[in-house]
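# sequence? don't have it. structure:
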Ligand SMILES: [Zn+2]
């Protein structure tokens, strides 16, 4: 089910949520993510992998062999977009921005997370228009989120967050 030109709603929610809500699973995602993700995809010009539960084994094997990724056939990634309350004890912090539908974790295929972060920082004046406020550092995937930050209605500085 198309969410944007480049992303399916399945990539942004778990299999359980998708099976229960279908296209209405977009209710659980901050509306600004749609244009932010699409803008980022168009600027990076690189495939972005979020959840993998809806990928075929062949697709994962190709990403692993061709691009040196390490996607497992099981378990599949399913909590890199919206994380529903039922998963609260399974992974992630209880009040993660993912639980509010305001965060995405992704890999940009073929370039490192650090390179992606550098490019996001360089283009922050564009991304902030679509709500980006925070990226997490020190991890080998890219975490972006749209959390509210006090002060200006538009943040002038991207917040680099480390656990
Ligand atoms: Zn995250």
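Nice, thanks for sending it over. A quick note: this is a predicted structure, and the numbers were derived from the prediction, not measured.
# Look up the pLDDT of residue 154 for me, please.
pLDDT recorded at residue 154 is 66.
# just checking, what packs against the longest strand along the chain?
The residue-count maximum for a strand in the chain (DSSP state E) belongs to strand 103-108. Applying 3 or more CB pairs under 8 Å, 6 or more residues apart in numbering; DSSP states H and E, we find strand 103-108 packed against helix 32-44, strand 48-49, helix 113-122, strand 142-145. C-betas here are computed from N, CA, C, even on glycine.
# near the ion at all, the longest one?
Right, the one you point to is helix 32-44. No: Helix 32-44 stays clear of the ion (CB under 5 Å from the ion), getting no nearer than 12.6 Å.
# what packs against that helix?
Secondary-structure packing of helix 32-44 (3+ CB pairs under 8 Å, 6+ apart): strand 48-49, strand 103-108, helix 113-122, helix 124-127.
# One more: the second one?
Other helices and strands packing on strand 48-49, by 3+ CB pairs under 8 Å, 6+ apart, are helix 32-44, strand 103-108.
# shouldn't residue 11 be in contact with residue 78?
No: with contact defined as CB atoms under 8 Å, residue 11 does not count as touching residue 78 (9.9 Å).
# what does the protein put close to the ion?
103, 105, 143.
# Next, count neighbours for the closest residue to residue 159 other than its chain neighbours.
Excluding its sequence neighbours, the residue lying closest to residue 159 (CB to CB, 6 or more residues apart in numbering) is residue 134, at 4.6 Å. Using other CB atoms under 10 Å, residue 134 has 18 neighbouring residues.
# Contacts only, for residue 134.
97, 143-147, 149, 158-161 (CB atoms under 8 Å, 6 or more residues apart in numbering).
# Let me have those in JSON lines, adding pLDDT and neighbour count as columns.
Below are those laid out as JSON lines (pLDDT from 0 to 100; neighbours: other CB atoms under 10 Å):
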{"residue": "97", "pLDDT": "94", "neighbour count": "23"}
{"residue": "143", "pLDDT": "97", "neighbour count": "20"}
{"residue": "144", "pLDDT": "97", "neighbour count": "25"}
{"residue": "145", "pLDDT": "96", "neighbour count": "23"}
{"residue": "146", "pLDDT": "95", "neighbour count": "22"}
{"residue": "147", "pLDDT": "93", "neighbour count": "16"}
{"residue": "149", "pLDDT": "85", "neighbour count": "14"}
{"residue": "158", "pLDDT": "87", "neighbour count": "19"}
{"residue": "159", "pLDDT": "86", "neighbour count": "13"}
{"residue": "160", "pLDDT": "88", "neighbour count": "12"}
{"residue": "161", "pLDDT": "84", "neighbour count": "15"}
